[in-house]
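> Build me a model from this:
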Amino acid sequence: MLRITDARTGRPAEIHRALTRVHAHVPGDDTTALRVLLVADVLARALELGGSPVLLVADPPAALRRRADDLGVRPSETTATRGGGRELRVTGSGEGEPGDGDHGPGADDGDVRAGTDITVEVAPVRGAEASVASGTTLRFALLTHPRRVPVTLDATALTEAADTLDHWRTAVAAWATRPSRPVPEPVRQALRAAWEDDLDVPAVLDVLRDVEGARDVPDGARFETYAYADRLLGLELTRQIGASA
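Prediction:
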């Protein structure tokens, strides 16, 4: 079960399986706003992997929508910000809506069911390279940091992200030629435990690094592990399969 920290209370809330609106509030058009859209996208993926039906709500400026498309962020599936189910409001730090401090009865019980909203905060992005970076390289560079930690993007960070992506895609393409094996159950549990613990994507990446170096994991299982994790990450880790054929 996904547990996410509610920025209004500072306490973790358990997200039960039910229809959920993930509403990305993006009043600006900079890379911080892009990070808000990215976190909303990954949050929606995590909920779907847990079996919850999800509607992503966002209305970004046209220029920001183009950058989001380039990052692989799914488009908005509805313009309705209210209705049945619950809502997870994804915002930049300090951008909560008026009335967020008035939680109402039962809002602090840590049990988020239908009709109860929570706020998910995303820290800012800084750095001269932030406004010109794009694609899965930028997506990966942002995902390597916890969402509540400010990110400073420079040429070194983006180069490291590009190099790691290229290395992983090359490895995944090689593993794909080996006999398929299922994701080892302890690995599957470790991945889910990571993203269900306050959407800890850096911990998911650590699990992948461990799997790559583990001597007791067959190559076919490495492939299935990376493909499974990429349903959350959206990094196109299988993109190079067959590229050299």
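> Out of the helices and strands in this protein, which is least certain?
Least confident element among the helices and strands of the chain, by mean pLDDT, DSSP states H and E: strand 111-112 (a mean of 47).
> Which helix or strand contains Leu56?
When elements are defined using DSSP states H and E, Leu56 is found to belong to strand 54-57.
> Mind giving me the packing neighbours of that strand?
Of the remaining helices and strands, those touching strand 54-57 by 3 or more Cβ pairs under 8 Å, 6 or more residues apart in numbering; DSSP states H and E are strand 20-24, helix 31-49. All C-beta spots, glycine's among them, are computed from the backbone N, C-alpha and C.
> Generate TSV for the ones you listed, with distance to Pro218, mean pLDDT and mean neighbour count as supplementary columns.
As requested, the helices and strands packed on strand 54-57 are exported to TSV (distance: least, Cβ to Cβ, whole Å; pLDDT from 0 to 100; neighbours: other Cβ atoms under 10 Å):
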stretch	distance to Pro218	mean pLDDT	mean neighbour count
strand 20-24	36	94	25
helix 31-49	23	96	24
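> Which of those sits closest to Glu129?
With Cβ to Cβ as the criterion, Glu129 lies closest to helix 31-49 of the helices and strands packed on strand 54-57, at 9.3 Å.
> one step back: now the strand holding Leu56, how far from the centre of its chain.
Strand 54-57 has its average C-alpha position 14 Å from the chain's average C-alpha position, going by Cα atoms, centre = their mean, to the nearest Å.
> ok, and for the helix or strand following it, which residues are buried?
Next in sequence after strand 54-57, counting helices and strands by DSSP H and E, comes helix 62-71. Judged by neighbour count (16 or more other Cβ atoms under 10 Å), helix 62-71 contains these buried residues: Leu64, Arg65, Arg67, Ala68, Leu71.
> Thr32 is in contact with the first one, correct?
No. The pair Leu64 / Thr32 is not scored as a contact, 10.5 Å apart, by Cβ atoms under 8 Å.
> wait, is Arg178 part of a helix?
No. Using DSSP: H, G, I helix; E, B strand; the rest coil, the assignment for Arg178 is coil, not a helix.
> who touches it in this structure?
Pro218, Asp219, Gly220, Phe223 (Cβ atoms under 8 Å, 6 or more residues apart in numbering).
> And Val172, by the same measure?
By Cβ under 8 Å, 6+ apart, the contact list for Val172 reads Arg222, Phe223, Tyr226, Ala227, Leu237, Thr238, Gln240, Ile241.
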